[in-house]
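In: I would like the atomic coordinates for the input below:
(2 chains)
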2 protein chains.
Amino acid sequence: MLKDIEAVLFDIDGTIFQGDRLIEGAKETIDALQAKGINIAYVSNRGNVSQQEGCNKLRLHGIKADPASLILSSTVTAFFIKKHYPQAAVWILGNKGLGEEMPRHGVLLAKKPEEADFVVITLHDEITYSELNDAFKATSMGARLIATNADKTYPNEDGAAIDVAGFIGAIEAATGRKTELVIGKPSCFMAEAALSYLQTSPASCLIVGDSLESDIGLGRMQGMKTALVLTGNASKGEAESLPARRRPDFILSSIAELRRYV
Amino acid sequence: MLKDIEAVLFDIDGTIFQGDRLIEGAKETIDALQAKGINIAYVSNRGNVSQQEGCNKLRLHGIKADPASLILSSTVTAFFIKKHYPQAAVWILGNKGLGEEMPRHGVLLAKKPEEADFVVITLHDEITYSELNDAFKATSMGARLIATNADKTYPNEDGAAIDVAGFIGAIEAATGRKTELVIGKPSCFMAEAALSYLQTSPASCLIVGDSLESDIGLGRMQGMKTALVLTGNASKGEAESLPARRRPDFILSSIAELRRYV
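Out: This is a model prediction of the structure:
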């Protein structure tokens, strides 16, 4: 599985963690890969946290990581805006992690909703009506819509909880405007940011994740090797029922199983 | 108005044409700019025509143009897919112009809906139920959605006619999936394609168009000079009621008025 592989891209939720719990063997697998000199990056559709927050969570569980190795949809949204709209002022609808990530990567934040060129939408699990309404105001006064990702739900303690798609839906329905860009996996934006961080070619890269669409989809489309773990939202049966070109190259019961190949 | 200007970007519908009718003075203005050595490109959100079709329409009215000078949302969608997803197979929902544009720029067309990695949606004014259903099939079997543009209506002989947003809505509603990318103006994708064709900097570029959001929005966001013409969908009052940073630099009754400045 690791033949000719110089770098491994790990999804985070459902691959390394289930909620706040580290999946058994995750640390040992990552340690072993690092000891072998394999470069590691983490690619996650989480748009409501910053690289620093994501990194802190890994370190809390003993995983050696650098903030720059976290390729989050918040980070990549900031990269995109900074590169393509360097003058733009942005209004955030989301948890504070996204609001931290933007200026860290050189993106200007608008001071008032009416001064925004873009509204960037992500998950906001502490949202107030006034924050929702500010995003509505910015959008109805002409700001364009970008979403870090468009996941419908994510698993929390109670089961499926409403995710970014719900916030996008609220703003689109109330303003009649449309999101013009969704940054998250499986997009080329996420893949290119990860490859640029790793300084490697897709063919020498293995992506490991629990989502057939986000992780395996990203990897297949870019020509990476792909491994599905069964600790998240896809089953072996689902993976095997896909047409050959969408199937993962490998199926692992969990990240722990990868260690055997190191 | 033309001080330090090396290139002019013209919107097409509402700026050069009203329906099939050439706006008075359009040819003379373009001829005069070309005689002065100013580079010209055309940027249009029309995603259902090819560069060749668009060029033929200009030439029919005596305007000297090269197909490559037409920066259409169909063309730029093809550029984007070819660059970022070179292996992808695409299914088209739209008039045949888009289907011609894709392979011309090196994009692979899927042979069957179930083999598509992306469905690209544009206006299809001769659509059949079976074509709509094929796009539905492709999307519900996992193809991702890209739209050339997301205009809600366009003016035809009867008034406002349903445009791309209607087709996007149909596919999104029936599949529960979301469009991840809208290529058309005022996006950076259109602006960057135009600037790359013109080989010029935004500051030496004037954009002339009838839409405050698409044309003036694109120009302002990129640091181009901007001129609104009143032969399309915006009035002088609307333009003047915008905050200063969204207002056009110049307001012209029509493209003919530009000739005075040449």
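
In: and A:M224, what's its pLDDT?
Out: Reported pLDDT at A:M224 in the predicted model: 98.

In: number of nearby residues for A:A78?
Out: 26 (other Cβ atoms under 10 Å in any protein chain shown). Quick note: C-beta positions are derived from backbone N, CA and C, even for glycine.

In: doesn't A:L109 make contact with it?
Out: No. The criterion here is Cβ atoms under 8 Å, and A:A78 misses it with A:L109 at 10.9 Å.

In: tell me, what's touching these two both at once?
Out: Counting by Cβ atoms under 8 Å, 6 or more residues apart in numbering or on different chains, the common neighbours of A:A78 and A:L109 are A:M102.

In: would you mind naming what in the stretch 151-262 of chain A lies close to chain B?
Out: Within reach of chain B by Cβ under 8 Å from any Cβ of the partner chain, the stretch 151-262 of chain A has these residues: A:165, A:168, A:178-182, A:186-188, A:192, A:213, A:221, A:223, A:242-243, A:246.

In: now, those residues that are in helices?
Out: Among those, the members falling in helices are A:A165, A:I168, A:C188, A:E192, A:M221 (criterion: DSSP state H).

In: ok, the first one touching A:K152?
Out: Yes. Taking contacts as Cβ under 8 Å, A:A165 lies within contact range of A:K152: 4.3 Å.

In: and those two? Which one has more around it.
Out: Comparing A:A165 with A:K152 by neighbour count (other Cβ under 10 Å), the higher total belongs to A:A165, at 20 against 14.

In: distance check, A:I23 against A:V229.
Out: Distance from A:I23 to A:V229, counting by Cβ to Cβ, to the nearest Å: 8 Å.

In: counting neighbours, go ahead and name the busier of those two.
Out: Relative neighbour count places A:V229 above the other of A:I23 and A:V229, with 28 against 20, counting by other Cβ under 10 Å.

In: list the contacts for the closest residue to chain B within the stretch 101-250 of chain A?
Out: For the stretch 101-250 of chain A, the residue closest to chain B is A:C188, as judged by Cβ to the nearest Cβ, at 3.8 Å. Residues in contact with A:C188 (Cβ under 8 Å, 6+ apart) are A:M221, A:Q222, B:H84, B:Y85.

In: try A:Q222
Out: With contacts defined as Cβ under 8 Å, 6+ apart, A:Q222 is in contact with A:C188, A:A191, A:L195, A:P202.

In: give the burial count for the last one, as a bare number.
Out: Neighbours of A:P202 under the rule other Cβ under 10 Å: 17.

In: pretty sure it sits against A:M221.
Out: No. Counting by Cβ under 8 Å, A:M221 is not a contact partner of A:P202; they are 9.4 Å apart.

In: mutual contacts of those two, please.
Out: Taking Cβ under 8 Å, 6+ apart as the contact criterion, the residues that touch both A:P202 and A:M221 are A:A191.

In: closest residue of the stretch 1-150 of chain A to chain B?
Out: Proximity to chain B, evaluated over the stretch 1-150 of chain A using Cβ to the nearest Cβ, is greatest for A:H84 at 3.8 Å.

In: now that residue, nearest residue through space, not along the chain?
Out: Among residues not flanking A:H84 along the chain, B:C188 sits closest, at 3.8 Å (Cβ to Cβ, 6 or more residues apart in numbering or on different chains).

In: which other residues reach stretch A:50-67?
Out: With Cβ under 8 Å, 6+ apart as the contact definition, stretch A:50-67 has outside contacts at A:12, A:16-17, A:22, A:26-27, A:30-31, A:34, A:40, A:42, A:44, A:46, A:68-70, A:72, A:74-75, A:97-98, A:100-101, A:104.

In: now, the residues you listed that are in helices?
Out: Assignment to helices by DSSP H places the following of the contacts of stretch A:50-67 there: A:A26, A:K27, A:I30, A:D31, A:Q34, A:S74, A:T75, A:G97, A:L98, A:E100, A:E101, A:R104.

In: export these to TSV and append columns for pLDDT, neighbour count and distance to B:A174.
Out: As requested, these are exported to TSV (pLDDT from 0 to 100; neighbours: other Cβ atoms under 10 Å in any protein chain shown; distance: Cβ to Cβ, whole Å):
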residue	pLDDT	neighbour count	distance to B:A174
A:A26	98	25	39
A:K27	98	18	44
A:I30	98	26	42
A:D31	98	15	47
A:Q34	97	16	46
A:S74	97	36	31
A:T75	97	30	34
A:G97	95	21	34
A:L98	97	28	31
A:E100	94	18	38
A:E101	95	31	35
A:R104	97	15	40
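
In: biggest separation within those residues, which pair?
Out: For the ones in helices among the contacts of stretch A:50-67, the farthest-apart pair by Cβ to Cβ is A:D31 and A:L98; their separation is 30.4 Å.
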